[in-house]
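Participant: Sequence isn't available, so here's the structure alone:
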């Protein structure tokens, strides 16, 4: 730490006093003779030259000492964008291995995160969605909701897979590939084995691009032309929402109940998503 600069010495200090003691009055040739003059003599001498007695200069005030500047704290990386209260934190990783390192330390304790993914046009180094999903599956996690963030990033939710979490056929194939490559972690393999034991593995659903209308739903729609016409006009998201819910029903009676409700809803020209 730098030392504080020394205070300036007052102008009335000893050096100035010595200078005044050697000042010669008119007619004086040596400073020691000043002590033999009376005060009257000095006043008389002053009057003779028409000058006024010299006033003592007021000592200058010492300049206040300045505190030494504090050393700047080392710069810290900007914190990740805070998530709304009560929600999962937002994290970002430039490479898949860094995301994998984070899961290695947190997969068993974290309840989930929003992963910040860079858009292709942003030019920002970021793990991609496909890379992030494979790493998550290896550690027994799964992707969830998707959210917009800003011009450069979007958010993808990742959480530990729950005991009743359904499997897609795409993720089932990815998990098998990870096992074959020796990249599946024990926590991920445990999720695969649980799904195989309780039937979720065999009940894996098709992705939106591969989903087809099952025979029982097709028959119910054929019996209600108004519902069938509205279903045929649905966008991809609403169409898949119906197919997904029918496919993931665990019991036959639950499946039939859902088909009946959806056909009635479609006949009223209602849909699941705006």
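Facilitator: Nice, thanks for sending it over. What you see is a predicted model, and the numbers here were worked out from it, not measured in a lab.
Participant: Could you list the low-confidence segments of this protein?
Facilitator: Low-confidence segments of the chain, defined by pLDDT under 70, are located at 1-86.
Participant: need the longest helix for this structure.
Facilitator: Among all segments of the chain classified by DSSP state H, the helix with the greatest residue count is helix 252-267.
Participant: Tell me which residues are up against that one.
Facilitator: By Cβ atoms under 8 Å, 6 or more residues apart in numbering, the residues outside helix 252-267 that reach it are 216-217, 220-221, 223-224, 226-228, 230-231, 242, 245-246, 249, 271. Where you see a C-beta, it was placed from the backbone N, CA and C, and this is true even at glycine.
Participant: wait, which of these is closest to residue 153?
Facilitator: Sorting those by how near they are to residue 153, with Cβ to Cβ, puts residue 271 at the top with 30.0 Å.
Participant: How about the secondary structure of that closest one?
Facilitator: Assigned with DSSP: H, G, I helix; E, B strand; the rest coil, residue 271 falls in the coil class.
Participant: which non-adjacent residue is nearest it?
Facilitator: Of all residues beyond its chain neighbours, the one nearest residue 271 is residue 238 (4.5 Å), with distances taken as Cβ to Cβ, 6 or more residues apart in numbering.
Participant: okay, the angle between whichever strand or helix holds the one you found and helix 252-267?
Facilitator: Using DSSP states H and E, residue 238 falls within helix 236-247. Angular relation of helix 236-247 and helix 252-267 on a 0 to 180 degree scale: 150 degrees, by axes from the mean of the first three to the mean of the last three Cα atoms, to 10 degrees.
Participant: if I look at the residue nearest to residue 271, how far off is residue 225?
Facilitator: Counting by Cβ to Cβ, to the nearest Å, the gap between residue 238 and residue 225 amounts to 19 Å.
Participant: Of the two, give the one with the bigger neighbour count.
Facilitator: Each of residue 238 and residue 225 has its neighbours counted (other Cβ atoms under 10 Å); residue 238 has more, 17 against 10.
Participant: can you pull out the helices in the stretch 101-250 of the chain?
Facilitator: Under the criterion DSSP state H, counting those that start in this stretch, the stretch 101-250 of the chain contains helices at 129-138, 169-180, 186-198, 215-222, 225-232, 236-247.
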